[in-house]
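**Student:** just coords:
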Ligand SMILES: Cc1ncc(COP(=O)(O)O)c(C=O)c1O
């Protein structure tokens, strides 16, 4: 019997076929986005859209104004330095001192075309620094595009789902990979996209100490900087600081995105921060590809030069102006993005009240924070099935299976695009789903 659902199943099926999606659970974020655009257009019914991690807030005005000023001064005509304009490099260095409590020379702070390019440049350089080490290790679940970067680069990677390896268990698991000798770097995001788990100090210490022992570089993706709202990381120069592996190793690259923290995704301006130690390290094997064997110089004058010769001139002034205000305590970026955490708290309750379960629910023994993403499941469904079924109820998300998660029952929800005014609708649709799929 056909169920009375907000979106007719036939319409959904037709568009899935038209989009040539053979398995909805394997569809990329952008494929799901396109599919929902089509279904919304045909049916005129708005979905609760939770598939894509775009900022749901306006851009930070300080940046917009500074960019306009810079454009009026004529910077659009001029190539910026490959490694960034001095004003921005200076503010990034101050930012990491004030919000992470680490010392990094401004010269080692490099703007990139989004944090996405920072990752790409990092992998390209890291995989070439030592011919005995050709593999990246991902601590998953993770952002699928980083794996896509490896695929297009033809680079090797290994991965494991950290779900069963939190706390002390992380040590043996990581070491089992490092011992093999082929891992040049490790990447994870913290807070984590998609699960919103956050590593605690013990876990960061384990990662940092093993990085020292095995000379592995840690690429720490801080795309959601300061957004574990259980602690207040908003005060410059005052503890608590955003946790980072940089307190436990000198072998790191930090990727800091301006997309979510400053709602600045459109300008594609990210920051790559290379530790003083790693920047100056010499790797003779780099000379196979670069004119310098110094890691930081190979990164700037080899990789970043080859990729895009730096990044948008005006956006650099925009972010420099934002960071200056943030660093001097006049602009509290954390306060603004707290809205995501508040929405997540309400939305998670709507799901759990209707039979859904949170998949990644704890940081060791502490309940997970409310933030940009959360993960959920429904008894009796795989993630792929659940994703497909929820489309009939006008709810879209992505399956955890494309994130390297081994929790195949799970789905990732992003809260940013769901407006508070849609909560009653979300509740109604979840209730209907629950009614149609009673739990015994
Ligand atoms: C974990 C993670 N890393 C990197 C990025 C990309 O950041 P950017 O927009 O700065 O390229 C995202 C964006 O969603 C992300 O979730």
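**Tutor:** Cool, the structure landed. Just so we're clear, the structure is a prediction, and the values are computed from it rather than from any experiment.

**Student:** show me what contacts residue 85?
**Tutor:** Applying CB atoms under 8 Å, 6 or more residues apart in numbering to residue 85 gives the contacts 111, 313, 316, 317, 320. Any C-beta I mention is one placed from the backbone N, CA and C, and that applies to glycine too.

**Student:** Could you pull up the contacting residues of the second one?
**Tutor:** Neighbour list for residue 313: 70, 75, 76, 78, 79, 80, 85 [criterion: CB under 8 Å, 6+ apart].

**Student:** what about 10 Å?
**Tutor:** 67, 70-71, 73-81, 84-85 (CB atoms under 10 Å, 6 or more residues apart in numbering).

**Student:** got it, and the third one?
**Tutor:** By CB under 10 Å, 6+ apart, residue 316 lies in contact with 66-67, 70, 75, 80-81, 84-89, 111, 267, 269, 310.

**Student:** Make a ChimeraX selection of whichever of those residues turn out to be buried.
**Tutor:** The ChimeraX command for the buried members of the contacts of residue 316 (criterion: 16 or more other CB atoms under 10 Å) is given here:
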select :66,67,70,75,80,84,85,87,88,89,111,267,269,310
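
**Student:** Most widely separated two among the contacts of residue 316?
**Tutor:** Farthest apart among the contacts of residue 316 by CB to CB are 86 and 267. That separation is 19.2 Å.

**Student:** which sections of the protein are below the confidence cut-off?
**Tutor:** Residue ranges of the chain with pLDDT under 70: 1-2.

**Student:** Quick one: name the residues of it near the ligand.
**Tutor:** 53, 114-116, 143, 189, 193, 221, 223, 257, 259, 265, 270 (CB under 6 Å from any ligand atom).

**Student:** Setting aside sequence neighbours, what's the nearest residue to the closest residue to the ligand within the chain?
**Tutor:** The nearest approach of the chain to the ligand comes at residue 114, 2.7 Å away (CB to the nearest ligand atom). In space, residue 114 comes closest to residue 268 once its chain neighbours are excluded; the distance is 4.2 Å by CB to CB, 6 or more residues apart in numbering.

**Student:** number of nearby residues for the one you found?
**Tutor:** 19 (other CB atoms under 10 Å).

**Student:** Then the one 5 residues further on?
**Tutor:** Residue 273 has 26 neighbouring residues, counting by other CB under 10 Å.

**Student:** Surely it is within a helix?
**Tutor:** No - judged by DSSP: H, G, I helix; E, B strand; the rest coil, residue 273 forms no part of a helix; its state is strand.

**Student:** for residue 104, what are its contacts?
**Tutor:** Contacts of residue 104 by CB under 10 Å, 6+ apart are 89, 92-97, 246, 252, 254, 273-277, 279.

**Student:** just checking, which of the residues you listed belong to strands?
**Tutor:** 252, 254, 273, 274 (DSSP state E).

**Student:** what sits against residue 88?
**Tutor:** By CB under 10 Å, 6+ apart, the neighbours of residue 88 are 80, 106, 109-111, 269, 271, 311, 315-321, 323-324.

**Student:** In strands, which of the residues you listed fall?
**Tutor:** Going by DSSP E, the strands hold 109, 110, 111, 269, 271 from these.

**Student:** Max pairwise distance over those: which two?
**Tutor:** Distances among the ones in strands among the contacts of residue 88 were taken as CB to CB; the most separated pair is 109 and 269, at 12.6 Å.

**Student:** Between these two, which contacts overlap?
**Tutor:** Counting by CB under 10 Å, 6+ apart, the residues touching both residue 109 and residue 269 are 84, 88.
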